[in-house]
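Asker: here is a sequence together with a model predicted from it:
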Amino acid sequence: MRNIWVICRKELSSYFVSPVAYVLLALYAVIFGLFFWLFLQRFIVVGMEMQMRGQSYPMNINEDLIRPLLSNMGVVGLFFIPMITMRLFAEEKKTGTIELLATSPVSDLEIIVGKWLAALLLFCSLMFMTMLDMAFIFKYGRPDWKPLLIGYLGLLLQAGAMLAIGTFISTLTKNQIIAGISTFCVLLALWIIAWPSEFESAMWAKVLSYLSIVNHVESFSRGVLDSKDAIFYLSVIFLGLFFTARSMESLRWRS
């Protein structure tokens, strides 16, 4: 456990000694702020129109504001995850330090989990940037904090799964750009794979919909903690790290 934390801390510090972390934090804050402003404006306009029509049905902040906001941010993660994971192992291979890692007394599992955990903590930092907007909602509204907490848990699980995929892809090349583009293409494919289910009800379409890495965050954004969605993300994390271990094992043998 100590080795995992040492590797995690080293990897996390490498993000913040370069402009990478700060650029990602700024971009994520701006994009989330833009989505927040758009959905809040829509929420206010729809609420005023309902009052003018004399409709007594109250709008729900969690359902009409927070849910679509978190759902869209789940999709935005597709663009940020590749920028986080592309350097994890590709940079090590480019600089030649991967041989030192492969021949060090630290196990492959400790290296992989340490680097993946550092990437996950960086994504947590991105999510922390959204707290200012959420604090605004709690100051002027009365949302239920439990569905919001579950929604953030869903985003965290989804990010963990995508980061595991990106970590594996980063071991396959020494070029960070190729690793980033490949990760984005794979994640994009795992998003659009669910589109046939919108106009097709056959079993194969349902299977493809289940394999979509974005669809499973919908229940979390509604404040529903569904075990099948949590198990899906945990399974993807396990498989991603497992394939990364096999790739690292081949590097160790070549070293």
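Answerer: Here it is on my side, so go on. Only a predicted model underlies this, so the values are computations on that prediction, with no experimental measurement involved.
Asker: please make it C-alpha for all contacts and neighbour counts, starting now.
Answerer: Noted.
Asker: how about the contacts made by the nearest residue to residue 222 once chain neighbours are set aside?
Answerer: Leaving aside its chain neighbours, residue 222 sits nearest to residue 67 (5.8 Å; criterion: Cα to Cα, 6 or more residues apart in numbering). Contact analysis of residue 67 by Cα atoms under 8 Å, 6 or more residues apart in numbering lists 151, 221-222.
Asker: low-confidence regions, the stretch 151-255 of the chain specifically.
Answerer: 195-201, 251-255 (pLDDT under 70).
Asker: can you pull out the helices in it?
Answerer: Counting by DSSP state H, counting those that start in this stretch, the segments of the stretch 151-255 of the chain that form helices are 176-192, 203-211, 217-221, 227-254.
Asker: returning to that earlier point: which of the contacts of residue 67 tops the neighbour count?
Answerer: residue 221 (28 neighbours; other Cα atoms under 10 Å).
Asker: I figured it hits residue 151, correct?
Answerer: Yes. The pair residue 221 / residue 151 is scored as a contact, 4.4 Å apart, by Cα atoms under 8 Å.
Asker: intersection of neighbour lists for the two?
Answerer: Here residue 221 and residue 151 have 67, 70 as joint contacts, going by Cα under 8 Å, 6+ apart.
Asker: chain neighbours aside, what residue packs nearest to residue 40?
Answerer: According to Cα to Cα, 6+ apart, the nearest residue to residue 40 is residue 65 (6.6 Å).
Asker: revised request: answer the last question for residue 165.
Answerer: Using Cα to Cα, 6+ apart, the nearest residue to residue 165 is residue 240, at 5.0 Å.
Asker: and that neighbour, what is it in contact with?
Answerer: Residue 240 is in contact with 161, 164-165, 167-168, counting by Cα under 8 Å, 6+ apart.
Asker: returning to what we had before: and the helices of the stretch 151-255 of the chain, which is most packed in?
Answerer: helix 217-221 (a mean of 24; mean count of other Cα atoms under 10 Å).
Asker: that one packs against which elements?
Answerer: helix 67-85, helix 145-170 (3 or more Cα pairs under 8 Å, 6 or more residues apart in numbering; DSSP states H and E).
Asker: longest single helix anywhere in the protein?
Answerer: In terms of residue count, the longest helix belonging to the chain (DSSP state H) is helix 19-52.
Asker: quick one: the helix or strand following it to chain centroid distance?
Answerer: Going down the chain from helix 19-52, the next helix or strand is helix 61, by DSSP states H and E. The chain centre lies 24 Å from the centre of helix 61; the measure is Cα atoms, centre = their mean, to the nearest Å.
Asker: do the same with stretch 179-194
Answerer: 13 Å.
Asker: put the alpha carbons of that stretch into PDB.
Answerer: Output of stretch 179-194 as PDB, limited to C-alpha atoms (Å, rounded to 0.1, in the frame of the first residue of the first chain):
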ATOM      1  CA  ALA A 179      -2.500   7.400 -26.800                       C
ATOM      2  CA  GLY A 180      -4.900  10.300 -26.300                       C
ATOM      3  CA  ILE A 181      -6.500  10.000 -29.700                       C
ATOM      4  CA  SER A 182      -6.900   6.200 -29.400                       C
ATOM      5  CA  THR A 183      -8.500   6.600 -26.000                       C
ATOM      6  CA  PHE A 184     -10.900   9.200 -27.200                       C
ATOM      7  CA  CYS A 185     -11.900   7.000 -30.200                       C
ATOM      8  CA  VAL A 186     -12.500   4.000 -28.000                       C
ATOM      9  CA  LEU A 187     -14.500   6.000 -25.400                       C
ATOM     10  CA  LEU A 188     -16.500   7.700 -28.200                       C
ATOM     11  CA  ALA A 189     -17.300   4.300 -29.700                       C
ATOM     12  CA  LEU A 190     -18.500   3.100 -26.200                       C
ATOM     13  CA  TRP A 191     -20.800   6.100 -26.200                       C
ATOM     14  CA  ILE A 192     -22.400   5.900 -29.700                       C
ATOM     15  CA  ILE A 193     -22.700   2.100 -29.500                       C
ATOM     16  CA  ALA A 194     -26.000   2.700 -27.700                       C
END
